[in-house]
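Peer 1: fold the following and give me the result.
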Amino acid sequence: MRFSVYQVSRKGGRPKNEDRMGYCYTRAAGLFALADGMGGHPEGEVASQMALQTLAAHFQREAKPTLKDPARFLAESIMAAHQALLRYAHERGLLDTPRTTIVACVVQGSTAYWSHCGDSRLYLVRGEQLLARTRDHSYSELHGSGNLPPATAAATASQAANRNVLFTCLGSPGRPVVDTGGPAPMQPGDRIMLCSDGLWGAVNDAAILDVLCKRSVTDAVPELAEQALRTAGARSDNVTVLALEFEGDDHADAAAAAATRASGDEIFASTIQASVSAPGDASGDLDEAEIERSIREINEAIRRASQRRV
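Peer 2: You can find the predicted model right below:
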């Protein structure tokens, strides 16, 4: 399997960055994930970090080098992340639980599977066509779809005007809603983008599709992030974007690609960081400078690896 990938996370106008993203892969499978810690609840950055770490740990344990059932893996590992957040809050006696959205995608062989909870999105693009886009777990989307019963629709009319009101997330008291997509056969050149609502809340789908279709992922990702920051201005949310271009098993002409074909069955690589210290320890928070530095190092390592293969 071979893919090009690029990722960016910007703090925007918020006091701290509560988004996290990353990917990990074996010889035959890749996991790509993004989480957006929720404001209004404690330690959003801890919630998003723990969610990604949980998925990465489960992927490392189960992908040998493939997952037996990618769809089941996504559902179970996301639920495990939810349970980890509940335990974290209970062990520390928190009055409220850290919460986060999550969107994750597994590409195994030439097939993609994805799951999400909340309003962090996945876009799947082929050529100039949008093949799939996740549906946000928000009251506004439910209300707009007409799927709410009349009494509930009336009760949530005021909420429906606010796209940020979610009815599910990881860390919530109730069992989270996790929607799945796929299996979707992938073709060389297909692109998958994961993003937080800081991007799609400021840049509409048509503009996202235009940039994602016409530019390489290394150009499209930073351009979309900058568009979101410019549009939202001083009140911009955290903006986090991760995009990959699938290049098949034999395609060898990528500008910034990770090739997994030569990896052994036990080889595992990951850009999803472990916490600098114990989760919840303020001294271990990944600040904006460290996030940006980590992203630069990851992207530069991919570029160097690609140049060596030319």
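Peer 1: mind showing which ranges of the stretch 201-310 of the chain have poor pLDDT?
Peer 2: In the predicted model, the stretch 201-310 of the chain carries pLDDT under 70 at residues 249-267, 273-310.
Peer 1: and residue 55, what does it touch?
Peer 2: Residues in contact with residue 55 (Cβ atoms under 8 Å, 6 or more residues apart in numbering) are 31, 33, 77, 78, 81, 102, 104, 272. Any C-beta I mention is one placed from the backbone N, CA and C, and that applies to glycine too.
Peer 1: most neighbours of all these, which one?
Peer 2: Counting neighbours by other Cβ atoms under 10 Å, the top entry in these is residue 33, with 32 neighbours.
Peer 1: quick one: list the elements packing against the strand or helix carrying that residue.
Peer 2: Here residue 33, judged by DSSP states H and E, is contained in strand 29-37. Contact here means 3 or more Cβ pairs under 8 Å, 6 or more residues apart in numbering; DSSP states H and E; on that basis strand 29-37 packs against strand 19-25, helix 44-62, strand 100-108, strand 191-195, strand 239-246.
Peer 1: okay, helices next: where are they in the chain?
Peer 2: Ranges of helices in the chain, per DSSP state H, are 44-62, 70-91, 139-145, 150-155, 157-160, 197-200, 205-214, 217-232, 288-309.
Peer 1: let me see the mean pLDDT of the fourth one.
Peer 2: Pointing back at helix 150-155 there. In this model, helix 150-155 has an average pLDDT of 44.
Peer 1: can you check stretch 53-70 too?
Peer 2: Averaging pLDDT along stretch 53-70 gives 95.
Peer 1: again with stretch 102-118
Peer 2: Taken as a whole, stretch 102-118 has a mean pLDDT of 97.
Peer 1: start to end distance for it?
Peer 2: One end of stretch 102-118 sits 7 Å from the other (Cα to Cα, to the nearest Å).
Peer 1: on that earlier part again, tell me the strands beside the strand holding residue 33, with direction?
Peer 2: Sheet pairing for strand 29-37, assigned by DSSP bridges, gives strand 19-25 (antiparallel), strand 100-108 (antiparallel).
Peer 1: and the residue nearest to the spatial centre of the chain, how far from residue 119?
Peer 2: Centroid-nearest residue in the chain: residue 34, 2.0 Å away (criterion: Cα atoms, centre = their mean). Relative to residue 119, residue 34 is positioned 11 Å away (Cβ to Cβ, to the nearest Å).
Peer 1: now swap in residue 204 and tell me
Peer 2: Between residue 204 and residue 119 the distance is 15 Å, computed by Cβ to Cβ.
Peer 1: who has more neighbours out of those two?
Peer 2: Neighbour comparison, residue 204 and residue 119: the larger count goes to residue 119, with 26 against 11 (by other Cβ under 10 Å).
Peer 1: that one contacts residue 101, correct?
Peer 2: Yes. The criterion here is Cβ atoms under 8 Å, and residue 119 meets it with residue 101 at 5.8 Å.
Peer 1: what is in contact with these two at once?
Peer 2: Joint contacts of residue 119 and residue 101 (Cβ under 8 Å, 6+ apart) are 36, 166, 197.
Peer 1: let me see the backbone angles for the spatially closest residue to the last one that is not a sequence neighbour.
Peer 2: Put plainly, it is residue 197. Leaving aside its sequence neighbours, residue 197 sits nearest to residue 119 (Cβ to Cβ, 6 or more residues apart in numbering; 5.0 Å). Dihedral pair for residue 119: phi -120, psi 20, per degrees, to the nearest 10.
Peer 1: residue 33 versus residue 119, what's the distance?
Peer 2: Separation of residue 119 from residue 33 (Cβ to Cβ) stands at 15 Å.
Peer 1: do the same with residue 208
Peer 2: Distance, residue 208 to residue 33, using Cβ to Cβ: 19 Å.
Peer 1: cool, residue 237 as well?
Peer 2: From residue 237 to residue 33 the distance is 19 Å (Cβ to Cβ).
Peer 1: repeat that for residue 127.
Peer 2: Relative to residue 33, residue 127 is positioned 26 Å away (Cβ to Cβ).
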